[in-house]
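Enquirer: no FASTA, just this:
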């Protein structure tokens with residue numbers, strides 16, 4: 001399934017840095033979406049996953065790698081990504 005077809009796909013960005021959370025309303029600041037020096041940014045495909053499983057992905061795969069606990073996440077639709085002339089590249093598990 002392509003990310004840019006139909007209604008798009010749900011993606012999430014896990015947040016480990018308090019600077020990326022707006023204290024006034026607990027929303028994710030745009031800086032959480034700034035890419036690394038190699039112009040990449042990790043997001044996870046979460047379409048149809050239960051909420052507990054999404055948090056488990058962050059706690060299992062992101063927190064240990066970053067050495068910090070997950071303090072939040074920002075969910076977005078892949079169509080938003082494409083609307084900004086960006087792309088989603090899948091890595092890891094293959095899609096059917």
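Expert: Noted; the coordinates are in hand. Owing to the predicted nature of the structure, the values given are computational and were not obtained by experimental measurement.
Enquirer: burial count for residue 80?
Expert: Residue 80 has 11 neighbours, counted by other C-beta atoms under 10 Å. (Glycine included, C-beta is placed from N, CA and C.)
Enquirer: contacting residues around it?
Expert: Counting by C-beta atoms under 8 Å, 6 or more residues apart in numbering, residue 80 makes contact with residue 8.
Enquirer: Buried residues of the helix or strand of the chain with the lowest mean pLDDT, list them for me.
Expert: The weakest-scoring helix or strand in the chain, judged by mean pLDDT, DSSP states H and E, is helix 78-83 (a mean of 89). Residues of helix 78-83 classed as buried by neighbour count (16 or more other C-beta atoms under 10 Å): 78, 81.
Enquirer: Can you give me every residue that contacts residue 14?
Expert: Residues near residue 14 by C-beta under 8 Å, 6+ apart: 44, 57-58, 62-63, 70, 72-73.
Enquirer: Does it lie in a helix or a strand, and which?
Expert: Under the criterion of DSSP states H and E, residue 14 resides in strand 10-15.
Enquirer: those helices in the protein, which residues are they?
Expert: Using DSSP state H, the helices of the chain run over residues 51-57, 63-66, 78-83.
Enquirer: what residue is smack in the middle of this structure?
Expert: Centroid-nearest residue in the chain, with C-alpha atoms, centre = their mean: residue 13, separated by 2.1 Å.
Enquirer: OK, contacts around that one?
Expert: Contact analysis of residue 13 by C-beta under 8 Å, 6+ apart lists 28, 32-33, 41-44, 73-74, 76.
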